[in-house]
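1. Whatever this is, show me its structure:
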Amino acid sequence: MKLIRSFSVDHTAIVPGIFVSRVDEVGGGTVTTYDIRLKKPNREPVIDVAAMHSLEHIIATYLRNDNDWKDEIIYWGPMGCLTGFYLILKGNRSPREIYGLLLGAFKSVNESQEVPGATAVSCGNYLMHNLNMAKWYASEFAAYLEENADNPAIFEYPQTERLVTGEGQNFFDS
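-> Here you go, the predicted model:
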């Protein structure tokens, strides 16, 4: 089976940032999946589950209400490894082009007085939220983005080299 792009990223070298995970042609248009990485995989503690859930709700609401971007947003959701989020947009923009959108989204978390949609009617696990911790993670990431705005490492995935056999099989050293 072909190794998917997100598994060909060297997770031992990735830093927090905004990365293009994949670009797909879908229904006559281009769709881009971005890796919004808040934590260094396997080297930092992951994001608290309840805070991650709150960040998902708050930022999804922000993105889908941003007048300049709302028609481009397809999906915002957490990574299973709890180190970041996936953002799927119509079109194909560089990570630098969506930097301002994401910086604004993470800064907006601190303005939240409540988690949108955190009711039994609106959410499948409405009791699992932590607004205060969400604010802490969002502030940390926004400050990091601002401090590293000129650092190309926060916009470019580190790649791992894999030996490929003549038959196209990936070789993994044990």
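2. Identify each of the strands in the protein and give its residue range.
-> Assigned by DSSP state E, the chain shows strands spanning 17-26, 29-37, 73-78, 84-90, 163-164, 170-171.
3. so what secondary structure elements neighbour the fourth one?
-> Strand 84-90 sits against strand 29-37, helix 49-65, strand 73-78, helix 95-108, with contacts defined as 3 or more C-beta pairs under 8 Å, 6 or more residues apart in numbering; DSSP states H and E. The C-beta positions use only the backbone N, C-alpha and C, and glycine is treated the same way.
4. need those in CSV with distance to G17 and mean neighbour count, can you?
-> As requested, those are arranged in CSV below (distance: least, C-beta to C-beta, whole Å; neighbours: other C-beta atoms under 10 Å):
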stretch, distance to G17, mean neighbour count
strand 29-37, 6, 19
helix 49-65, 16, 21
strand 73-78, 17, 16
helix 95-108, 7, 18
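5. The ones you listed: which one's closest to N132?
-> Closest of these to N132 is helix 49-65, at 8.3 Å (criterion: C-beta to C-beta).
6. angle of that closest one against strand 84-90?
-> On the basis of axes from the mean of the first three to the mean of the last three C-alpha atoms, to 10 degrees, helix 49-65 is oriented at 20 degrees to strand 84-90.
7. from the middle of its chain, how far away would helix 49-65 be?
-> Once both centres are worked out by C-alpha atoms, centre = their mean, to the nearest Å, helix 49-65 turns out to sit 11 Å from its chain's centre.
8. Please apply the same query to stretch 99-109.
-> So, by C-alpha atoms, centre = their mean, the centroid of stretch 99-109 is 12 Å from its chain's centroid.
9. follow-up on the earlier one: now the strands of the chain in TSV, with mean pLDDT and distance to P45?
-> Compiled in TSV, the strands of the chain are given as follows (pLDDT from 0 to 100; distance: least, C-beta to C-beta, whole Å):
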stretch	mean pLDDT	distance to P45
strand 17-26	94	18
strand 29-37	97	14
strand 73-78	97	15
strand 84-90	98	13
strand 163-164	59	33
strand 170-171	52	30
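10. Now distance to A143 too, for the ones you listed, in JSON lines please.
-> Formatted as JSON lines, the strands of the chain follow (distance: least, C-beta to C-beta, whole Å):
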{"stretch": "strand 17-26", "distance to A143": "14"}
{"stretch": "strand 29-37", "distance to A143": "15"}
{"stretch": "strand 73-78", "distance to A143": "21"}
{"stretch": "strand 84-90", "distance to A143": "16"}
{"stretch": "strand 163-164", "distance to A143": "40"}
{"stretch": "strand 170-171", "distance to A143": "38"}
